[in-house]
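Enquirer: structure, please.
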Amino acid sequence: MDRLRRDWLRFLVHFLSLLLLAKLVWDYGQDRLTANPIQEITLRTGMYSLILLVLSLACSPAANFTGLKAVSSLRRPLGLYGFFYACLHLFNFIGLDYRFDFSLLREDVFGKVHIWVGLAALLLLLPAALTSTRGWMRRLGKNWERLHWLVYPAALLSVLHFLLLVKADIREPVLYGVIVGLLLLLRLKWIKNMVVRLRGQAVKVKD
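Expert: Purely as a prediction, here's the structure:
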C-alpha cells in the first residue's frame with residue numbers, strides 16, 4: 001500500500017499506456033478499425049508512439065517548473081512505451097501490410113522518404129531503449145545522459161515522418177514539431193537555471 005501511494009504516478013503511466021493497446025486489440029476483435037484495419041492500426045500505433053515520446057520529453061521540464069521530482073521518474077516508462085509502440089508500428093507495416101514479403105517491400109518502399117525517416121527515428125530510439133536500466137546508467141555514467149539525447153532527434157524525425165504522411169492538413173504534425181522544439185529549448189542549461197530561479201522566487205513570495 002505504501003508503494004502504491006509513493007509510485008501511483010508510475011502505475012498510472014503503465015495502466016494508461018497498456019490501456020491503449022487493450023483498446024486497439026478490443027477494437028480489432030470487435031471489427032471497429034474502419035474499412036482498412038491495417039492502415040488504422042498503423043496510424044494508431046504511430047500516434048501512440050509520438051504522443052508518449054513527447055510526454056517523456058516533457059517530464060524533466062515539468063519537474064523543473066513544478067519542483068515535483070516524481071514527475072522525472074516517468075520519463076523512462078513513457079519513453080519505453082513510446083519505443084514499444086514504434087516497434088508495433090513497424091511490425092504492423094512489415095508483418096500485416098506486407099506479410100514479411102521483403103522483396104515486395106524493397107521494391108515498393110525504396111523511393112518513399114517518409115519510411116526511411118521513420119526507420120531512422122526508430123534506430124535512434126533503439127540505443128536509448130536498450131540502455132534504459134539502472135545498470136546501464138551506472139556503466140555509462142555521464143555518457144548515459146549524452147546517449148539519451150538521441151531521443152530528441154528521434155522525436156523530431158518522428159514528427160517529420162508524420163508530416164510527410166499528411167497530404168492536406170499539416171497543422172497537427174506542425175504542432176507536435178513546435179512542442180518538441182520548445183521542450184528541446186527548455187533543456188538548455190541557462191533556461192533550466194532560469195526556471196529554477198523563478199520557481200524559487202515564486203515559492204518565497206507564496207511563503
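
Enquirer: gap between the two ends of stretch 133-147?
Expert: With Cα to Cα, to the nearest Å as the measure, the ends of stretch 133-147 fall 13 Å from one another.

Enquirer: which residues are contacting that stretch?
Expert: 127-128, 130-131 (Cβ atoms under 8 Å, 6 or more residues apart in numbering). Where you see a C-beta, it was placed from the backbone N, CA and C, and this is true even at glycine.

Enquirer: repeat for stretch 61-79
Expert: Contacts of stretch 61-79 (Cβ under 8 Å, 6+ apart): 9-10, 13-14, 17, 52-53, 55-57, 59-60, 125, 128-129, 132, 151, 183, 186-187, 192, 195-196, 199, 203.

Enquirer: and it, C-alpha only, in CSV?
Expert: The C-alpha trace of stretch 61-79 is given here as CSV (Å, rounded to 0.1, in the frame of the first residue of the first chain):
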residue,chain,number,x,y,z
PRO,A,61,10.9,20.4,-17.8
ALA,A,62,7.7,19.7,-15.9
ALA,A,63,9.7,18.6,-12.9
ASN,A,64,11.8,21.8,-13.1
PHE,A,65,8.7,24.0,-13.3
THR,A,66,6.8,22.3,-10.6
GLY,A,67,9.6,21.0,-8.3
LEU,A,68,7.9,17.6,-8.3
LYS,A,69,10.8,15.1,-8.6
ALA,A,70,8.4,12.2,-9.0
VAL,A,71,7.5,13.5,-12.5
SER,A,72,11.1,12.9,-13.7
SER,A,73,10.8,9.2,-12.9
LEU,A,74,8.0,9.0,-15.5
ARG,A,75,10.4,9.8,-18.3
ARG,A,76,11.8,6.2,-18.6
PRO,A,77,8.5,4.3,-18.7
LEU,A,78,6.9,6.8,-21.1
GLY,A,79,10.0,6.6,-23.4
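
Enquirer: let me know the average pLDDT across it.
Expert: Averaged over stretch 61-79, pLDDT sits at 84.

Enquirer: quick one: it to chain centroid distance?
Expert: With Cα atoms, centre = their mean, to the nearest Å as the basis, stretch 61-79 stands 14 Å off its chain's centre.

Enquirer: who wins for neighbours among the contacts of stretch 133-147?
Expert: The residue in those with the most neighbours, by other Cβ atoms under 10 Å, is Ala128 (22 neighbours).

Enquirer: before we move on, back to that, narrow the contacts of stretch 133-147 to those in helices?
Expert: For those, the ones inside helices are 127-128, 130, with DSSP state H as the criterion.

Enquirer: host element of the most centrally placed residue in the chain?
Expert: Nearest to the geometric centre of the chain sits Leu53, at 1.5 Å (Cα atoms, centre = their mean). Leu53 belongs to helix 37-66 when elements are defined using DSSP states H and E.
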